[in-house]
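> Here is a sequence with its predicted model. Questions after.
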Amino acid sequence: MASRHAGAAGGMMRWGKLRGVIFLITLIAIWEIASRSALLNPLIMPAPARILGVFSDLISSGQIPWQILVSMKRAAAGYLLAAAVFIPLGIVMGLSQRIYRLFEVAVEMLRPVPPPVVIPVAMLFFGLEDEMKIFVIFFSCAWPILLNTLDGVRSVDWVLVNTARTFGLSRGKTIRQVVLPAASPQIMTGLRVSLPITLILVVISEMVGSTDGIGYFILDSQRRFRVAQMYAGMLSLAILGYTLNKLFNLLHRVLMSWHWAMMRRTEEG
Amino acid sequence: MNRLKQFNWSGWLFFGLLLLAWELGTRSAPKLQVYSPPLSRVLAALVVSAQSGPLISQFMITVGRFLEGYLLSVAIGVMVGVVLGYFRPAHELFETLIEFLRPMPSVAIIPVAILMLGISDAMIVAVTVYATVWPILINTIDGVRHIEQVLIQTGRSFGLSNAKILWQVILPAASPYIVTGLRIALSIALILVTTAEMVAGSKGLGFYILDEERSMNSGNMYAGIIVVAVLGYALNRLFLALEARMLKWRHGMLARRAA
């Protein structure tokens, strides 16, 4: 949204942004005062300064970093597993109409299942272990990754593929060097959409069935009425979500600049 | 296009084989029944619990919460979205706050909601609204900002009142964006209702499914999951049908304008 007005309006944008920050700080200040003067129930909404204090204590004691690490291990495993299974499946389904039709009904039947509902099934199979969360994440990332890969492969220019085949490229090489690069923007879209889904599902599955991880930590803090600790956990989750998104954008830019450079090269060459 | 409309024999055959493998696998290896009873018994459980009551009443509760949460989100998201999309300074004011709140996975709000509202219907609806409002809000803001100013100015010079400009210019022109937000919000609302019911509910399909798992009635658990899946599917279909009708109206309007 911001980039549209960049350039000449740069100065104005920065002023607008500054106003936004000032507004946010004002809100936090009002919260602080209201909580201290007991206008807001400090048992439910403790003062931001207190939350920040608890937050920094929990960071330096290593408790929050540990819980985040536990959650991230599960999230990464489920996410990467989904990518490893459903990108290849999407490619195969995109290339072959017959295979697409074989899986179509099963996919359409499973897709409307809201992912959290899979948690009890996963608990039945895996108990409260890490595998339970990994499976739930795997299941919920399946659809965006699969369907975007499928779309990406289908929209590949067939002239490209046929040319490669005419020049004697093997099937495997054609897929790796022609289909995959051409479909990669859409594959990246699927991976991007799956990122917040992963984070949401790891938190939910830890709330429903776990004894550690940041989702468990937040809910457990609430149950023990350690309210500031609960907000500190939420703050760490917000920072985590923000950071992951920025990291993905960075990775995306690096990978895609290579992609566009290659596309240009093929056009010129 | 014609081929797509053909009945998908191989797909249904494959899906049928999967179901058959479920039925026969669990029958021939009773050990597997720890994970699931045979499909036939799941279907029997579905029929029994639908007839004798619990499943139907849980279903109604979940649908009620879903509707309440979704419709509230639509009202709030569209209203606030129009204001923030139309008045730039208002948007600038709230932009940082939105950027700050959005990256946090919405379900993390559940403990706060429990703290404020206890374990209640209001808590579940509040959580659903918090999560569901985002896609509607963001898409409405985008939609309103993409409206050509000429449209609004033309309306003004024809002497349209503010209310008329809102109803006859702004909302129709932004509707493609708004509809996208509404569709994304649909599945989010169902996810949040079932999640909240699992984490802190005593009623509803989410609670029912988890509770049946804990009491080792996996037949009822799978029956509950089938019901939720059918609900999700039906909601999506209903939405697409409504959207098609809306789009038809929109196509008509665009055609009239072109003529």
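Here it is on my side, so go on. Bear in mind that the values here come from a model prediction, so they are computed numbers and not experimental data.
> For the stretch 151-259 of chain B, give me the ranges with low pLDDT.
For the stretch 151-259 of chain B, residues meeting the criterion pLDDT under 70 lie at B:249, B:251-259.
> I'd like to know which elements the helix or strand where residue A:53 lies is packed against.
Per DSSP states H and E, residue A:53 falls inside helix A:48-60. The contact analysis (3 or more Cβ pairs under 8 Å, 6 or more residues apart in numbering or on different chains; DSSP states H and E) places helix A:48-60 against helix A:10-36, helix A:63-95, helix A:227-268. Where you see a C-beta, it was placed from the backbone N, CA and C, and this is true even at glycine.
> okay if I get the ones you listed as a markdown table plus mean neighbour count and mean pLDDT?
Output for these, formatted as a markdown table (neighbours: other Cβ atoms under 10 Å in any protein chain shown; pLDDT from 0 to 100):
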| stretch | mean neighbour count | mean pLDDT |
| --- | --- | --- |
| helix A:10-36 | 14 | 84 |
| helix A:63-95 | 19 | 96 |
| helix A:227-268 | 16 | 85 |
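> could I get the ones you listed as JSON lines with distance to chain B?
Formatted as JSON lines, those follow (distance: least, Cβ to the nearest Cβ, whole Å):
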{"stretch": "helix A:10-36", "distance to chain B": "3"}
{"stretch": "helix A:63-95", "distance to chain B": "10"}
{"stretch": "helix A:227-268", "distance to chain B": "3"}
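> Among those helices, which comes closest to residue A:197?
helix A:63-95 (9.0 Å; Cβ to Cβ).
> What parts of the stretch 51-200 of chain A come near chain B?
Taking Cβ under 8 Å from any Cβ of the partner chain as the contact definition, the stretch 51-200 of chain A meets chain B at A:98, A:101-106, A:109-110, A:112-121, A:123-125, A:196, A:199-200.
> So the spatially most central residue of chain B versus chain A, what's the distance?
Centroid-nearest residue in chain B: residue B:186, 1.9 Å away (criterion: Cα atoms, centre = their mean). With distances taken as Cβ to the nearest Cβ, to the nearest Å, residue B:186 is found 11 Å from chain A.
> Find the nearest non-adjacent residue to residue A:100, please.
residue A:93 (4.4 Å; Cβ to Cβ, 6 or more residues apart in numbering or on different chains).
> for residue A:51, same thing?
residue A:231 (4.5 Å).
> Please verify my assumption that the residue nearest to the centre of chain B contacts residue B:69.
No - Residue B:186 lies out of contact with residue B:69 (Cβ atoms under 8 Å); the separation is 11.1 Å.
> Do a quick rundown of the helices in the stretch 151-259 of chain B.
Taking DSSP state H, counting those that start in this stretch, the helices of the stretch 151-259 of chain B run over residues B:162-164, B:171-200, B:205-214, B:218-258.
> Turn these into JSON lines, including distance to residue B:58.
Shown next, in JSON lines, are those (distance: least, Cβ to Cβ, whole Å):
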{"stretch": "helix B:162-164", "distance to residue B:58": "42"}
{"stretch": "helix B:171-200", "distance to residue B:58": "9"}
{"stretch": "helix B:205-214", "distance to residue B:58": "4"}
{"stretch": "helix B:218-258", "distance to residue B:58": "8"}
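> Spell out which parts of the stretch 51-200 of chain B neighbour chain A.
B:88-89, B:92-97, B:100-101, B:103-112, B:114-116, B:142, B:145, B:187, B:190-191, B:194-195, B:198-199.
> Give the buried residues for stretch B:229-244.
B:229, B:231-232, B:235-236, B:239, B:243 (16 or more other Cβ atoms under 10 Å in any protein chain shown).
> can you narrow the residues you listed to ones near chain A?
Okay, of these touching chain A (Cβ under 8 Å from any Cβ), that's B:229, B:232, B:236.
> The first one touches residue A:113, doesn't it?
Yes - the pair formed by residue B:229 and residue A:113 meets the contact definition of Cβ under 8 Å, at 4.5 Å.
> Tabulate the helices and strands packed on helix A:48-60 (JSON lines), appending distance to residue A:154.
JSON lines is the format used below for those (distance: least, Cβ to Cβ, whole Å):
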{"stretch": "helix A:10-36", "distance to residue A:154": "39"}
{"stretch": "helix A:63-95", "distance to residue A:154": "5"}
{"stretch": "helix A:227-268", "distance to residue A:154": "18"}
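> Which one, of the ones you listed, ends up nearest to residue B:170?
helix A:10-36 (21.8 Å).
> now the residue nearest to residue A:100: how far from residue A:147?
10 Å (Cβ to Cβ, to the nearest Å).
> How about residue A:246?
26 Å.
> tell me the pLDDT at the residue nearest to residue A:160 when sequence neighbours are not counted?
Among residues not flanking residue A:160 along the chain, residue A:178 sits closest, at 5.4 Å (Cβ to Cβ, 6+ apart). For residue A:178, the pLDDT comes out at 87.
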